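K.L.:
Return atomic coordinates for the entry below.
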Amino acid sequence: MTETICITVNGEELTATVPPRTQLAEVLRDHLHLTGTHLGCEQGVCGACTVMMDGRPVRSCITFAGHCDGATIQTIEGGDDPLGQMLTEAFSRHHALQCGFCTPGMLATSRDILTRFPNPDEKLVRHELSGNICRCTGYQGIVAAILDVGSQIDATAHPRTDDVRRAVFTPFEPDEVSGAAPAPATAGSVVQDKDWTVITRSFDLNHPVDKVWGLFSDVSRVASCVPGASVSDVSEDTFSGTVEVSFGPIKARFGGQGTYANNPQSRNGHLSGSGADKNGQSKVRGELHYDIVEKTENTSTVDVKFRFNIQGVLAQFNRPELVTGFVDFLLQRFVANCNSVLSGGTASSDHKISAFSLILAVIKSWFKRSKS
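P.N.:
Down below sits the predicted model:
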């Protein structure tokens, strides 16, 4: 079954006859031959396909064409208005592109930022850009270009007809689901330290401290509680292991080696290691330090500090905006697995980190921050 949609693209009224579930990006590229809109992840994550629809940025790779009937679309080919020209010139002046694959989406998002927030500061620009991934520039030139244009434009030059600053999401309290495991109470931070992402977290396990230490001091046992991880070839102070990640079209199976040391008297330990996925597309380095203290007779507190650096196609996971939700997702499953193992059970058999669960975790993290 097909349907005919009528859309206005870059000021021109056009029609296309397509199946209702056809992506807007497919209509633009394959039917209207506007190939400036790029397809990257095709899951709405990377931002490369971003275009403006009725004055708002949308991910054209996950927007159904059937929902666009009557809409006004602006792509990179139609960005020759004064604001678009200023942004294009600023991107060139500040060297805000290298390969250029992310640039059409970056320009659309930049337009949206400056339309909603005339003359924004750097912190706001970086936050608003967090949904667009660039693997070349390091973002510095992109941020500089937006700040440059923001300092030049009149606050009333590009108004929207609607109040875009009003809340678009109304916080709500989730319904309690019978049998659902509660999320562990955690505290900590995620910060950047030069090339490293540094995570600190504190959580409780419902078991005596000696029993918890017995688990953490056994590298093989505690690794079985980490989603996607497994350890082999454990010696007195070294180990080998793997971690599996599946994120849409990106699939990686990291293999590497590491060292560890435990101090039974103070109940703390340290692990460090490095590895690469089998296709050589990503590399990772990491260090973990943990302390286990007695909270009550039957409850222990675990304090962890983890620092890591990822290079390659998974390098976006160095970003705090993604890492916060990712860590909380892993921690919830890790704590549940630890409690299960300590109670005489086994860790969850779901042993792979999936795209859906990661995206859901990041969304939940954003909503929590918006309420705080």
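K.L.:
only C-alpha atoms for contact and neighbour calcs from this point on.
P.N.:
Noted.
K.L.:
can you give me the strands for the stretch 151-300 of the chain?
P.N.:
187-193, 196-205, 229-232, 238-247, 250-263, 268-277, 282-296, 299-312 (DSSP state E, counting those that start in this stretch).
K.L.:
Check which helices and strands the third one sits against.
P.N.:
Read that as strand 229-232. Packing contacts for strand 229-232, counted by 3 or more Cα pairs under 8 Å, 6 or more residues apart in numbering; DSSP states H and E, involve helix 219-223, strand 238-247.
K.L.:
go again using 6 Å as the cut-off
P.N.:
Counting contacts by 3 or more Cα pairs under 6 Å, 6 or more residues apart in numbering; DSSP states H and E, strand 229-232 packs against strand 238-247.
K.L.:
which helices and strands does the strand it packs on pack with?
P.N.:
strand 229-232, strand 250-263.
K.L.:
Relative to the longest one, what are the paired strands and their orientations?
P.N.:
Looking at strand 250-263 with DSSP bridges, its partner strands are strand 238-247 (antiparallel), strand 268-277 (antiparallel).
K.L.:
Now it: buried residues?
P.N.:
251, 252, 253, 254, 255, 256, 257, 258, 259, 260, 262 (16 or more other Cα atoms under 10 Å).
K.L.:
what angle separates that strand from strand 282-296?
P.N.:
40 degrees (axes from the mean of the first three to the mean of the last three Cα atoms, to 10 degrees).
K.L.:
Compute the distance between residue 47 and residue 272, please.
P.N.:
34 Å (Cα to Cα, to the nearest Å).
K.L.:
for residue 264, same thing?
P.N.:
Distance from residue 264 to residue 272, by Cα to Cα: 18 Å.
K.L.:
Would you map the strands across the stretch 1-150 of the chain?
P.N.:
3-9, 12-18, 50-53, 56-59, 72-74.
K.L.:
packing partners for the shortest one?
P.N.:
Under the contact definition 3+ Cα pairs under 6 Å, 6+ apart, strand 72-74 sits against strand 3-9, strand 50-53.
K.L.:
Tell me which of these approaches residue 303 most closely.
P.N.:
Smallest distance to residue 303 across the helices and strands packed on strand 72-74 (Cα to Cα): 40.4 Å, for strand 50-53.
K.L.:
Run through who's touching the closest one.
P.N.:
57, 58, 59, 60, 72, 73, 74, 75, 105, 108 (Cα atoms under 6 Å, 6 or more residues apart in numbering).
K.L.:
mind checking pLDDT for the nearest residue to residue 35 once chain neighbours are set aside?
P.N.:
Counting by Cα to Cα, 6 or more residues apart in numbering, residue 29 is the residue found nearest to residue 35 once chain neighbours are left out, at 4.7 Å. Looking at residue 29, its pLDDT stands at 93.
K.L.:
Just put the strands paired with strand 250-263 in a markdown table and tack on mean neighbour count and distance to residue 126.
P.N.:
Converted to a markdown table, these look like this (neighbours: other Cα atoms under 10 Å; distance: least, Cα to Cα, whole Å):
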| stretch | mean neighbour count | distance to residue 126 |
| --- | --- | --- |
| strand 238-247 | 18 | 24 |
| strand 268-277 | 20 | 29 |
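K.L.:
Contact partners for the residue nearest to residue 244 when sequence neighbours are not counted?
P.N.:
Counting by Cα to Cα, 6+ apart, residue 244 lies nearest to residue 253, which is 4.4 Å off, once chain neighbours are set aside. Residue 253 sits next to 243, 244, 277 when contact means Cα under 6 Å, 6+ apart.
K.L.:
Which strand residues bridge the first one?
P.N.:
Each beta-bridge partner of residue 243 is listed here: residue 229, residue 254, as defined by DSSP bridges.
K.L.:
same check, this time on the last one
P.N.:
The partner list for residue 277 in beta bridges (DSSP bridges) reads residue 254.
K.L.:
Correct me if wrong: it contacts residue 256.
P.N.:
No. At 8.7 Å, residue 277 does not count as touching residue 256 under the criterion of Cα atoms under 6 Å.
K.L.:
re earlier: please read off the pLDDT at the residue nearest to residue 244 from the model.
P.N.:
For residue 253, pLDDT reads 78.
K.L.:
Tell me the spacing between it and residue 202.
P.N.:
Taken as Cα to Cα, the span from residue 253 to residue 202 is 28 Å.
K.L.:
pLDDT weak spots in the stretch 251-372 of the chain?
P.N.:
251, 278-280, 313-326, 349-372 (pLDDT under 70).
K.L.:
One more pass at 50, please.
P.N.:
Within the stretch 251-372 of the chain, the segments meeting pLDDT under 50 span 351-372.
K.L.:
same thing with the stretch 51-200 of the chain?
P.N.:
156, 159-169, 178-185.
K.L.:
okay, now the closest residue to residue 330 other than its chain neighbours: neighbour count?
P.N.:
Nearest non-adjacent residue to residue 330, counting by Cα to Cα, 6+ apart: residue 227, 6.8 Å away. Residue 227 sits with 24 neighbouring residues when counted by other Cα atoms under 10 Å.
K.L.:
Look up phi and psi at residue 227.
P.N.:
The phi and psi torsions at residue 227 (degrees, to the nearest 10) take the values phi -60, psi 130.
K.L.:
Give me the distance between it and residue 347.
P.N.:
Distance from residue 227 to residue 347, by Cα to Cα: 9 Å.
K.L.:
Fine by me, thanks again.
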